[in-house]
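Chemist: Sequence first, then the predicted structure:
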Amino acid sequence: MNLIRMAWRNVWRNSRRSLVTIAAMALALWTELIYGGLISGMVGDMASDITELEMGDLQITSEGWQTRPSLHETVDAAAILPKLDAGGFRSTARLQAGGLGASGQLSSGVMLLGLDPVRDAKTLTLGQSVGEGEWLDSADDHGVVVGHGLARSLALKPGSELVVLSQGADGSMANDLYHVRGVLRTVSAGTDRSAVLLPEATFRELMALPSGAHRIVVRIPETMDLATAKAEITAMAPDARVQTWKEVNPYMAQMLDAVKVQIKVVYFVMYVAVAILVLNAMLMALFERIREFGVLKALGYGPLRVFSLMMMEGVFQAGVATVAGVVLALPVMYWLQTKGLDIGALSGMSMMGMTMPTIWRGNYTPEVLSVPIVMLFAIVIVAVLYPAAKAAWIRPVEAMQHQ
């Protein structure tokens, strides 16, 4: 107990130097807490957008679909979907084909997507991303929903007419006139630029494709991990190819993993600067108190007790800095998580095929909060090791003769 009181008293013997050191640590911690939460929020939003809007947690396709997409590369959705329902998975079938869209004098390449509006809305949230007009309705067999970028390119709005031209599965010319029911908000680069969503029956009639689906998009229960889900679904569809979203889009998965590593690298770089400051402050304290340490050693304080004294001083400063940094960061973190930053100027910018949202919110989980705090204590302890060891092995006679 005496050692603890002595360490706390020593911290404030030179209050100006201690306050500068503590302020530097608190500022670094405050910065890392805010930064870590913002990056975690961005990564979380991007991962959610990938799985909830279009890609799902897993996808079922034919073996040749990923390497050579074709109208004829289908899986037996009629047989697979009931199995997925029985297994507790949410799923929806997607049909896909390329074509040409025209409105007035304007034309553009389009990606035709056929889906069941009701089933799709229960599986994914794309139906909630309609910015103008309405979502698809199976009863309106000539109503389509188009991507935000395509609507801008072809000057489309709800009620506009859209001519679609393509080639059917039987080699016939596929063309028809549709009216726009709705326009999606900014979703992803590919969907924004070229997507034309049609009811499943309308797609099959247009493309002369009576059965099968090109992709089955699956959402898994929150309590199930991807590996387990993939194994179960593979058993349900042994003749198809089952891939997690990370396998379908490995570049995005790698980028999200890389961002998490980059956060820790930024933490480390900033804390190295703090460690240098702490090391300098503790060395100065050591040189000012050499005679004092000599007296302590002469009174019977062993190397371990002197070493512990110096280490406690460093830990106490880190503790005060942690309290100050967290208290100052709490209101900012609360505001960022509930309100977020308005980055409307960046909205629509594409990053690895995903678009930036209008509001950038932070995500402050226990992991996000604990990592910078643990790293701060670790780096302070490392920085204090040398001054503490030097103090521990001071010889009493030489120390008391020190000028």
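Modeler: Looks like it came in fine.

Chemist: C-alpha from now on. contacts and neighbour counts both.
Modeler: Will do.

Chemist: Nearest the geometric middle of this protein, what residue?
Modeler: Val43 (1.4 Å; C-alpha atoms, centre = their mean).

Chemist: Spatially, which residue comes closest to that residue, not counting chain neighbours?
Modeler: Once flanking residues are discounted, Val43 sits nearest to Leu256: 6.2 Å by C-alpha to C-alpha, 6 or more residues apart in numbering.

Chemist: What residues sit buried inside the host helix or strand of that neighbour?
Modeler: In the assignment (DSSP states H and E), Leu256 maps to helix 250-288. Judged by neighbour count using 16 or more other C-alpha atoms under 10 Å, the buried positions of helix 250-288 are 252, 256, 263-264, 267-268, 270-272, 274-275, 277-283, 285-286.

Chemist: what's the answer for stretch 175-187, then?
Modeler: So for stretch 175-187, counting by 16+ other C-alpha under 10 Å, buried means Asn175, Tyr178, His179, Val180, Arg181, Gly182, Val183, Leu184, Arg185, Thr186, Val187.

Chemist: now do stretch 37-56
Modeler: Neighbour-count burial for stretch 37-56, counted by 16+ other C-alpha under 10 Å, picks out 37-47, 49-56.

Chemist: So what touches that stretch?
Modeler: 57, 123-126, 187, 217-219, 245, 256, 259-260, 263, 333, 336, 354, 360-365, 368 (C-alpha atoms under 8 Å, 6 or more residues apart in numbering).

Chemist: Next, the distance between the ends of stretch 164-180.
Modeler: 12 Å (C-alpha to C-alpha, to the nearest Å).

Chemist: quick one, what contacts Ala155?
Modeler: Applying C-alpha under 8 Å, 6+ apart to Ala155 gives the contacts Ser103.

Chemist: so where does it fall, helix or strand?
Modeler: Applying DSSP H and E, one finds Ala155 in no helix or strand.

Chemist: give me phi/psi at it?
Modeler: The phi and psi values for Ala155, taken as degrees, to the nearest 10, are phi 60, psi 50.

Chemist: Tell me how far it lies from Arg181.
Modeler: Taken as C-alpha to C-alpha, the span from Ala155 to Arg181 is 14 Å.

Chemist: Glu32 too?
Modeler: Counting by C-alpha to C-alpha, the gap from Glu32 to Arg181 is 46 Å.

Chemist: cool, Val43 as well?
Modeler: 32 Å.

Chemist: do Met111 as well
Modeler: Following C-alpha to C-alpha, the distance that separates Met111 from Arg181 is 17 Å.

Chemist: next one: Val326
Modeler: If you go by C-alpha to C-alpha, the gap between Val326 and Arg181 works out to 50 Å.

Chemist: and what of Glu73?
Modeler: Relative to Arg181, Glu73 is positioned 29 Å away (C-alpha to C-alpha).

Chemist: same thing with Asp116?
Modeler: The value you get for Asp116 to Arg181, if C-alpha to C-alpha is used, is 15 Å.

Chemist: try Val196
Modeler: As judged by C-alpha to C-alpha, Val196 and Arg181 stand 11 Å apart.

Chemist: Give me the domain ranges for the chain.
Modeler: 2-51+252-400, 58-219 (automatic domain parsing).

Chemist: The ones you listed: lowest mean pLDDT?
Modeler: Between the domains of the chain, the one with the least mean pLDDT is domain 2-51+252-400; it has a mean of 81.

Chemist: distance between that domain and the chain's centre?
Modeler: 24 Å (C-alpha atoms, centre = their mean, to the nearest Å).

Chemist: Kindly report the same for stretch 62-80.
Modeler: With C-alpha atoms, centre = their mean, you get 30 Å for stretch 62-80.
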